[in-house]
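K.L.:
Generate coordinates for the sequence data below:
(4 chains)
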Protein chains: 2
Amino acid sequence: MERRRQARGERRMAEILDAAADAFAELGYEKASTNAIAARAGISPGSLYQFFPSKEAVARALADRFVADMRTAHASAFGGADVAAMDLGELLDRVVDPLVAFNLANPGFKALFARPDMPAALAESSQPIQAAMLGQVESILGARVPGLSPDGRARSARVLVRIFQAMTPLVTAAPEEERPAEIAELKRVLGGYLTSLSA
Amino acid sequence: MERRRQARGERRMAEILDAAADAFAELGYEKASTNAIAARAGISPGSLYQFFPSKEAVARALADRFVADMRTAHASAFGGADVAAMDLGELLDRVVDPLVAFNLANPGFKALFARPDMPAALAESSQPIQAAMLGQVESILGARVPGLSPDGRARSARVLVRIFQAMTPLVTAAPEEERPAEIAELKRVLGGYLTSLSA
DNA sequence: TGAAAATGCGAGCGACCGCTCGTATTGTTC
DNA sequence: GAACAATACGAGCGGTCGCTCGCATTTTCA
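P.N.:
Residues are numbered from 1 along each chain as shown, chains lettered A, B, ... in the order given. Next up, the predicted model:
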């Protein structure tokens, strides 16, 4: 069912995703109308639907792109480091700082990621992001807290991801001079929870 | 500008708020249409607007009612206890358990309270709830962590409330047999953060 | 008891939504 | 360069939303 794309088409698709990320960031998923996304991309509503069959498909494609970008960022920040032996503070720096930077660089990200009450369609779209983060956190938990049962590990991973989701807006919304303090609080929460898990 | 209400009118207003709480809980704020709220209350759309000038006003009134109910619940759970001397585990039980119970008993509550990305109108409506919780948490923080600066206390209160908001859906959405475990995680997160604040 | 006020109704307005479709233009292929 | 596919347009469809308005009914109160 895939139609053959020209180079121009590929470029358009990327532009549409850029516009969608902008619109989601500024207006939220629901209020970002497809016509508004098309207008931001400098094209007509009809042209958007040449490339994506629905608004949900746009969100899904954007989520996929975020996951890919995040994976490379995470890999480059974590290349070959020994998670188990690392100092807790360093571990938190290594995980949190790149993720915060990613959120600051991609304001649309949290609109797809940090919403507890997503409509069903959007929840499915952002599920790859959730799964990717949960997997990474679970593997870190496995190395740091070896005594945890699989159930407990899954639960703790959910908790950690949730905390991060919830506190990210506090960090990104803070004026720049207060951002380090908010990031410190975020690390304090995560660190406190991890410490009490090991106890 | 207040019009004179009959007893029937007061009853209707309460029924509308009940219906709105139901609808918000089931559909979320945005998708709970005013016509749907009116239908759940067993009245016509026009009648709803006899009592509330807008959907936002309905949300605001509902939030006010929640705040009042929450205040009495909190007061009865906390009557004359010595917050500063209390064991940390007991403090968490005393604060968290009633709040969790309140959320379980009022499913519409979190639709107005636990949304990181509220539309501006809703944010203003739920602001009394936020303010009430922040105030209570700040006063507890003042007693438990006396070394904190006013800024730091405000920041930590925001963090604690945010954590509670974020984790409440995990608790209420969990099947009943897993709920105690989720509540325990919530307390672990809060306790871990408080402990690291005092250190 | 009668006028005024409060309550109640529901069709439907105007605005916006996601999306379609007929048509024009640009690019590819042979 | 002819035939065809891909890209581009934008008016507008069918639907939902918050909300209004004209009018009927019930309650209050002198």
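K.L.:
where does chain A come near DNA strand D, residue by residue?
P.N.:
A:3-6, A:8-10, A:12, A:35, A:42-47, A:49-51 (CB under 7 Å from any atom of the strand). Every C-beta, even on glycine, is put in place using the N, C-alpha and C of the backbone.
K.L.:
out of those residues, who's near DNA strand C?
P.N.:
A:Gln6, A:Arg8, A:Asn35, A:Pro45, A:Gly46, A:Tyr49.
K.L.:
which of these lies closest to B:Asp64?
P.N.:
The closest of these to B:Asp64 turns out to be A:Asn35 (CB to CB; 36.7 Å).
K.L.:
number of nearby residues for the spatially closest residue to that closest one that is not a sequence neighbour?
P.N.:
Sequence neighbours aside, A:Pro45 is the residue nearest to A:Asn35 in space, at 5.0 Å (criterion: CB to CB, 6 or more residues apart in numbering or on different chains). Using other CB atoms under 10 Å in any protein chain shown, A:Pro45 is surrounded by 13 other residues.
K.L.:
so what's A:Pro45 up against?
P.N.:
A:Thr34, A:Asn35, A:Ala38 (CB atoms under 8 Å, 6 or more residues apart in numbering or on different chains).
K.L.:
So among the residues of chain A next to DNA strand D, which ones count as buried?
P.N.:
A:Arg12, A:Ile43, A:Phe51 (16 or more other CB atoms under 10 Å in any protein chain shown).
K.L.:
coming back round to it: could you export the contacts of A:Pro45 as TSV, including distance to B:Glu56, secondary structure and pLDDT?
P.N.:
Listed next are these as TSV, based on distance: CB to CB, whole Å; DSSP: H, G, I helix; E, B strand; the rest coil; pLDDT from 0 to 100:
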residue	distance to B:Glu56	secondary structure	pLDDT
A:Thr34	26	helix	98
A:Asn35	25	helix	98
A:Ala38	29	helix	98
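K.L.:
in chain A, which spans are helices?
P.N.:
Applying DSSP state H to chain A gives helices spanning A:7-27, A:34-40, A:45-51, A:55-78, A:88-105, A:109-113, A:120-144, A:150-173, A:179-198.
K.L.:
Comparing these, which comes out most buried?
P.N.:
Burial of those is given as mean neighbour count (mean count of other CB atoms under 10 Å in any protein chain shown); helix A:109-113 ranks first at a mean of 23.
K.L.:
Okay, now the unreliable bits of chain A?
P.N.:
Within chain A, the set of residues satisfying pLDDT under 70 comprises A:1, A:115-122.
K.L.:
Domain-wise, how is it divided?
P.N.:
Per the record, chain A has its domains at A:1-53, A:56-198, by the TED database.
K.L.:
sorry, back to before: include distance to B:Val145 when you put the helices of chain A into TSV, please.
P.N.:
Formatted as TSV, those follow (distance: least, CB to CB, whole Å):
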stretch	distance to B:Val145
helix A:7-27	35
helix A:34-40	46
helix A:45-51	52
helix A:55-78	33
helix A:88-105	21
helix A:109-113	30
helix A:120-144	27
helix A:150-173	19
helix A:179-198	13
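K.L.:
and of those, who's closest to B:Ser156?
P.N.:
Closest among the helices of chain A, using CB to CB: helix A:179-198, at 7.3 Å.
K.L.:
Could you tell me how far that closest one lies from the centre of the chain?
P.N.:
Distance, stretch centre to chain centre, for helix A:179-198: 19 Å (CA atoms, centre = their mean, to the nearest Å).
K.L.:
any idea how far A:Pro150 lies from chain B?
P.N.:
From A:Pro150 over to chain B the distance is 14 Å, taken as CB to the nearest CB, to the nearest Å.
K.L.:
so what's that residue up against?
P.N.:
No contacts exist for A:Pro150 under CB under 8 Å, 6+ apart.
K.L.:
Which positions in chain A make contact with chain B?
P.N.:
A:28, A:30-31, A:111, A:114-117, A:119, A:155-156, A:158-159, A:162-163, A:165-167, A:169-170, A:181-182, A:185, A:188-189, A:191-197 (CB under 8 Å from any CB of the partner chain).
K.L.:
Repeat the analysis, applying 6 Å as the threshold.
P.N.:
A:28, A:30, A:114-117, A:159, A:162, A:166, A:169, A:185, A:188-189, A:192-193, A:196 (CB under 6 Å from any CB of the partner chain).
K.L.:
What distance do you get for A:Ala111 to A:Arg11?
P.N.:
Distance of A:Ala111 to A:Arg11, given as CB to CB, to the nearest Å: 24 Å.
K.L.:
got it, and A:Leu91?
P.N.:
The value you get for A:Leu91 to A:Arg11, if CB to CB is used, is 40 Å.
K.L.:
The closest residue to A:Leu17 other than its chain neighbours and chain B, how far apart?
P.N.:
Nearest residue to A:Leu17, sequence neighbours excluded (CB to CB, 6+ apart): A:Leu62, at 5.0 Å. Taken as CB to the nearest CB, the spacing of A:Leu62 relative to chain B amounts to 16 Å.
K.L.:
got a list of what A:Leu62 touches?
P.N.:
Listed by CB atoms under 6 Å, 6 or more residues apart in numbering or on different chains, the contact partners of A:Leu62 are A:Leu17, A:Ala20, A:Ala21.
K.L.:
Nearest to DNA strand C among those?
P.N.:
A:Ala20 (10.6 Å; CB to the nearest atom of the strand).
K.L.:
so who does that closest one touch?
P.N.:
A:Ile37, A:Val58, A:Leu62.
K.L.:
Wait, the second one touches A:Phe52, no?
P.N.:
Yes: counting by CB atoms under 6 Å, A:Val58 touches A:Phe52, with 4.7 Å between them.
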